[in-house]
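Q: What shape does this take:
(one chain, ligands or ions: 1)
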Amino acid sequence: MKKSTQRTWGGRFSAGPADAVKAFTESVSFDWRLYPQDIASSIAHAKGLAKVGLLTKAEAAKIARGLRAIEREIKAGKFKWDPACEDVHMNIEAALVRKIGAAGKKLHTARSRNDQVATDIRLWLRGEVMRVLEAIRGLQKSLVALAENNVNVVMPGYTHLQRAQPVLFSHAMLAYAEMFERDHHRFGLSLLSLFRCPLGSGALAGTTLKLDRAYVARQLGLALVTDNSMDAVSDRDFVVAFLSNAAICGMHLSRLAEDIILWSTAEFGFITIGDGYTTGSSLMPQKKNPDVAELVRGKTGRLYGNLLAVLTMMKGLPLTYNRDMQEDKEPLFDSVDTLLASLRVMADMLGHTKVNRARCEAAASDPMLLATDLVDFLVKRGMPFREAHHAVGALVAEAESTRTPLPKLATKKYGAAAGKVFDVQRALAARTAIGAPSPKNVKAQIARWKKLLK
Ligand code: ARG
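A: Now for the predicted structure:
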């Protein structure tokens, strides 16, 4: 047998591809990861072929048995992936033919690798999205636990990284819980587009053979079939959607990482990261570095890059399948791995992080942080807001130039009641609007989160 004819598509070729071409075009070195889905979709396809009489029941059963045996071999690490067989699909099909002979050669009836790979990625991604959803929940649990354990700790809230107004540390943790909730929502919604089965679309134009596509879809737990064969094999918008959601989630993770890095510095000292989640310096013996948080922040780069890579790869493609699309996998796999690892390590690290109440509260004790509350006080007395803002601004300037505490000047100018404004606990308790950080509100929010995350 000539070498070229051994390949599944070798019939029309008189010579096999050059070695460099084999190495350049193969994808099995990374798409082997799709094997559980490839086997599941092949078993479903075989059942479908049997249902419409293109295979006998016995042939379909033999194929299923053969595929399951191959799956066990792969799991046990005994399967030899052959780059000459290009990709995961042809490796498994070739192994099946070796194993069961003639019946194996019928498996690819009414199927193309184009609808096969479109199906496999959807199935694979469905499982990974479920894992991401769980990992987000895990991180939210850590955030809420940290909030609950430090519910009354006051710290300065920042805008422009300048101390702005006092807030509760717990409120800041719940701010991140909210961001990750929206990520959870986006990932959850993205599942919808993964519940359509492309099998039966063929290479691009379906098949002349009669199929029962809905039956095949049901075998895979998919509710619907795709409605247009050309669309089914040629779009990867669901990959882009995942990468986009991962990029947004990575942006949130990176901001959380940045706050952790900042708050754990000697300058801030608000938190202490557990030793197990920090690393030392090879030169400076005293160093304890927040490398885990830094890597989470740094890995955001690839989450963005992977999104751009696939968007760019797809943008000029004519209908329908083009080999460019094989380039969807490495970015997708990398984003899934990176995102899951980042979410999980972040959750663990927060579980090993201590909040330093005294440092937080010392930083929040500057009465200047309650200058806005003095404005509110004057507004309650009937002064128009703009006037009050100006008056307090002038008082702040006076406090700075005469080095007099603001509360003292406020008492002198507006009476004892104005001085009382500078009690942080009172100031927080007064922030009762929905979403504001009164301890009562935050406790109610923690209770809501705990219910949601149960
Ligand atoms: N390995 C290929 C990919 O991931 C499978 C589809 C190949 N189809 C083809 N007509 N060459 O895109």
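Q: can you tell me which residues contact the residue of the stretch 351-454 of the chain at minimum distance from the ligand?
A: Residue of the stretch 351-454 of the chain nearest the ligand, by Cβ to the nearest ligand atom: L453 (37.5 Å). The way it works is simple: take the backbone N, C-alpha and C, and place the C-beta from them, glycine included. Residues near L453 by Cβ atoms under 8 Å, 6 or more residues apart in numbering: 137, 140-141, 144.
Q: How confident was the prediction at it?
A: Predicted confidence (pLDDT) for L453: 97.
Q: one step back: quick check, nearest of the contacts of L453 to the ligand?
A: Distance to the ligand, by Cβ to the nearest ligand atom, is smallest for R137 among the contacts of L453, at 31.5 Å.
Q: Where does the closest one sit, in terms of helix or strand?
A: R137 is located in helix 113-149, with elements delineated by DSSP states H and E.
Q: burial measure for the residue in the stretch 151-300 of the chain that the ligand sits nearest to, as a count.
A: Closest residue of the stretch 151-300 of the chain to the ligand, Cβ to the nearest ligand atom: A203 (6.8 Å). Per other Cβ atoms under 10 Å, the neighbour tally for A203 reads 16.
Q: who's in contact with it?
A: Contacts of A203 by Cβ under 8 Å, 6+ apart are 112, 114-115, 233, 320-321.
Q: Look up how far V132 lies from it.
A: 32 Å (Cβ to Cβ, to the nearest Å).
Q: Next: K75.
A: The separation that K75 has from V132, given Cβ to Cβ, amounts to 23 Å.
Q: Please apply the same query to W9.
A: For W9, the distance to V132 - Cβ to Cβ - is 36 Å.
Q: Tell me which of these two has more neighbours.
A: Shown here are W9 and V132; by other Cβ under 10 Å, V132 has more neighbours (25 against 11).
Q: Could you tell me how far stretch 423-443 lies from the centre of the chain?
A: Stretch 423-443 has its average C-alpha position 32 Å from the chain's average C-alpha position, going by Cα atoms, centre = their mean, to the nearest Å.
Q: Oh, that last question was meant for stretch 126-136, not what I typed.
A: With Cα atoms, centre = their mean as the basis, stretch 126-136 stands 8 Å off its chain's centre.
Q: As a check, name the ranges of all strands in the stretch 101-250 of the chain.
A: Secondary structure of the stretch 101-250 of the chain by DSSP state E, counting those that start in this stretch: the strands cover 154-159, 162-168, 196-197, 224-225.
Q: Let's have these in CSV, adding mean neighbour count.
A: Below are those laid out as CSV (neighbours: other Cβ atoms under 10 Å):
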stretch, mean neighbour count
strand 154-159, 19
strand 162-168, 18
strand 196-197, 23
strand 224-225, 16
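Q: Pull the residues that contact the helix or strand hosting K412.
A: Under the criterion of DSSP H and E, K412 resides in helix 406-414. Defining contact as Cβ under 8 Å, 6+ apart, one finds that helix 406-414 is touched by 367-368, 370-371, 374, 377-378, 395-396, 398-399, 418-419, 421-422.
Q: how far away is A364 from T432?
A: 19 Å.
Q: Going by how many neighbours each has, rank those two and give me the top one.
A: A364 (23 against 11).
Q: residues touching that one, list them.
A: Per Cβ under 8 Å, 6+ apart, neighbours of A364: 154-156, 163, 166, 424.
Q: before we move on, what about T56?
A: A50.
Q: and the residue of the stretch 251-400 of the chain nearest the ligand?
A: Q326 (3.6 Å).
Q: okay, now the closest residue to that residue other than its chain neighbours: neighbour count?
A: Spatial nearest neighbour of Q326, excluding adjacent residues (Cβ to Cβ, 6 or more residues apart in numbering): S27 at 5.2 Å. When neighbours are counted by other Cβ under 10 Å, S27 registers 20.
Q: where's S27 relative to M325, distance?
A: In this structure, S27 and M325 are 11 Å apart, going by Cβ to Cβ.
Q: E181 too?
A: E181 is 33 Å from M325, by Cβ to Cβ.
Q: Settle it for me: which of the two has more neighbours?
A: Legend: neighbour count by other Cβ under 10 Å for E181 and M325, higher for M325 (22 against 17).
Q: Tell me if the more buried one really is in a helix.
A: Yes - M325: assigned to a helix according to DSSP: H, G, I helix; E, B strand; the rest coil.
Q: Report pLDDT for the residue lying closest to it once chain neighbours are set aside.
A: Distance criterion Cβ to Cβ, 6+ apart; nearest residue to M325, sequence neighbours excluded, is R236 at 6.1 Å. pLDDT, R236: 98.
Q: Please list all residues in contact with R236.
A: R236 neighbours (Cβ under 8 Å, 6+ apart): 121, 310, 314, 325, 328.
Q: now do I63
A: So I63 contacts 42-43, 46, 55, 96, 100, 103-104, 106-107 (Cβ under 8 Å, 6+ apart).
Q: you'd agree it is in a strand?
A: No - assigned with three-state DSSP, I63 falls outside any strand and is helix.
Q: so what's it closest to, chain neighbours aside?
A: Per Cβ to Cβ, 6+ apart, closest to I63 is A46, 4.4 Å.
Q: Can you pull the residues of the stretch 301-450 of the chain lying near the ligand?
A: Contact residues (Cβ under 6 Å from any ligand atom) of the stretch 301-450 of the chain with the ligand: 321, 323, 325-326.
Q: which of those lies closest to G276?
A: The closest of these to G276 turns out to be Q326 (Cβ to Cβ; 40.1 Å).
Q: quick one: the closest residue to L317 other than its chain neighbours from T312, how far?
A: Once flanking residues are discounted, L317 sits nearest to D324: 6.0 Å by Cβ to Cβ, 6+ apart. According to Cβ to Cβ, D324 stands 10 Å off from T312.
Q: picking up where we left off before, turn the contacts of A364 into CSV, including pLDDT.
A: Below are the contacts of A364 laid out as CSV (pLDDT from 0 to 100):
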residue, pLDDT
V154, 98
M155, 98
P156, 98
R163, 96
P166, 97
V424, 97
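Q: picking up where we left off before, can you redo the contacts of R236 as CSV with pLDDT?
A: Conversion of those to CSV gives the following (pLDDT from 0 to 100):
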residue, pLDDT
I121, 98
V310, 98
M314, 98
M325, 98
D328, 98
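Q: ok, of those residues, which one's closest to T404?
A: Checking those one by one against T404 (Cβ to Cβ), the nearest turns out to be V310, at 60.3 Å.
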